[in-house]
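Student: structural data only, the sequence is not supplied:
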């Protein structure tokens with residue numbers, strides 16, 4: 001699970017969480033509590049269309065100013081330009097640190113992205129209309145004596161507008177409220193998650209306009225569990241970048257989290273380099 005798509009309710013609680021941001025209060029709450037507050041956890045609210053945008057307010061209009069001084073001429077306006085930018089920005093094995101290798105298959109198909117269904121199961125579907133381009137890559141820290149493999153993923157998505165990217169971030173919160181336990185690929189599950197959200201300028205968050213993170217437990221039929229799980233996503237301008245880490249026997253929570261942080265940080269630096277004004 002490294003990316004979400006709009007499609008469910010809960011905007012009232014999301015607006016409340018975003019309002020806390022405006023007063024410098026970071027959000028850090030167990031997802032089970034969020035689910036209880038929003039009435040989620042088992043499926044889409046009645047009367048909601050699970051395939052399209054919901055009615056209701058958009059992202060918080062008090063969101064911070066862009067952290068990037070972008071050159072408009074360097075911002076992608078079509079699919080070809082978006083794919084070119086993604087190729088320059090998305091993580092490679094070295095982005096996470098030494099010892100990371102490609103997994104097979106390495107890249108997702110260009111016409112799909114992950115979507116969380118009403119049954120809390122992730123599937124590959126057609127990207128939303130507001131997406132110019134998106135790409136996912138999969139990596140691994142190979143198993144060594146006494147330690148299982150760490151599975152890693154990275155994704156970069158280029159939306160048509162900054163507001164579309166902000167929507168993705170806001171709705172990511174809604175989906176974790178709705179599904180505190182989720183099925184990833186066949187035989188893989190995550191749960192017991194704690195979520196944190198910081199807008200740009202809060203605490204030490206100075207690299208993006210908005211950031212989300214989750215930590216929890218990962219289990220699979222192949223690797224057993226529960227093991228450490230970490231996910232981080234950040235938004236700047238019309239771009240979102242995300243990284244995921246799934247641990248195994250002998251791998252610590254810090255080890256998995258550090259890998260995810262390193263991968264995400266590398267991609268954010270590359271985004272800045274790709275679109276900022278040249279002196």
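Tutor: Nice, thanks for sending it over. Please read all numbers here as calculations on a predicted model, not as lab measurements.

Student: where does the protein have low pLDDT?
Tutor: 1-66, 198-207 (pLDDT under 70).

Student: helices of that one, start to end?
Tutor: In the chain, the segments counted as helices under DSSP state H are 11-22, 31-38, 79-89, 93-96, 162-178, 253-275.

Student: surely residue 257 and residue 229 touch.
Tutor: No - with contact defined as CB atoms under 8 Å, residue 257 and residue 229 do not form a contacting pair (9.5 Å). No exception for glycine: its C-beta is placed from N, CA and C like everyone else's.

Student: could you tell me which residues touch both of the two?
Tutor: 215, 245 (CB atoms under 8 Å, 6 or more residues apart in numbering).

Student: that older thread, which of the helices of the chain sits most buried?
Tutor: Burial of the helices of the chain is given as mean neighbour count (mean count of other CB atoms under 10 Å); helix 162-178 ranks first at a mean of 23.

Student: which secondary structure elements does that one contact?
Tutor: Judged by 3 or more CB pairs under 8 Å, 6 or more residues apart in numbering; DSSP states H and E, helix 162-178 is in contact with helix 11-22, helix 31-38, strand 150-159, strand 188-199, strand 210-220, strand 224-236, strand 239-246.

Student: just checking: what are the partner strands of the third one?
Tutor: Neighbouring strands of strand 150-159 in its sheet, by DSSP bridges, are strand 131-141 (antiparallel), strand 239-246 (antiparallel).

Student: next, the angle strand 188-199 makes with it.
Tutor: 50 degrees (axes from the mean of the first three to the mean of the last three CA atoms, to 10 degrees).

Student: now do the last one
Tutor: Here the directions of strand 239-246 and strand 188-199 differ by 140 degrees (the same axes, to 10 degrees).

Student: relative to the whole chain's centre, how far out is strand 239-246?
Tutor: In this view, strand 239-246 has its centroid 5 Å away from the chain centroid, taken as CA atoms, centre = their mean, to the nearest Å.

Student: same check on the fourth one?
Tutor: Its chain's C-alpha centre and that of strand 188-199 lie 10 Å apart, by CA atoms, centre = their mean.

Student: what lines up beside that strand in the sheet?
Tutor: Paired neighbours of strand 188-199 in the sheet (DSSP bridges): strand 27-30 (antiparallel), strand 182-183 (antiparallel), strand 210-220 (antiparallel).

Student: just the terminal-to-terminal distance for stretch 232-249.
Tutor: By CA to CA, to the nearest Å, the extent of stretch 232-249 from end to end equals 22 Å.

Student: before we move on, the earlier item: tell me the most buried of the strands paired with strand 150-159?
Tutor: Of those, strand 239-246 is the most buried (mean count of other CB under 10 Å), at a mean of 28.

Student: tell me the angle that one makes with helix 162-178.
Tutor: Going by the same axes, to 10 degrees, strand 239-246 makes 30 degrees with helix 162-178.

Student: beta-bridge partners for the nearest residue to residue 263 once chain neighbours are set aside, please?
Tutor: Excluding the flanking residues, the one nearest residue 263 by CB to CB, 6 or more residues apart in numbering is residue 243, at 4.1 Å. Bridge pairing for residue 243 (DSSP bridges) gives the partners residue 154, residue 232.

Student: residue 265 is in contact with residue 243, correct?
Tutor: No - using CB under 8 Å, residue 243 and residue 265 do not qualify as a contacting pair, with a distance of 9.1 Å.

Student: of the strands paired with strand 188-199, which is nearest residue 80?
Tutor: In terms of CB to CB, the element of the strands paired with strand 188-199 nearest to residue 80 is strand 210-220, at 26.9 Å.

Student: residues making contact with the closest one?
Tutor: For strand 210-220, contacts defined as CB under 8 Å, 6+ apart pick out 31, 63, 166, 169, 172-173, 176, 187-200, 205, 225-235, 246-247, 253, 257.
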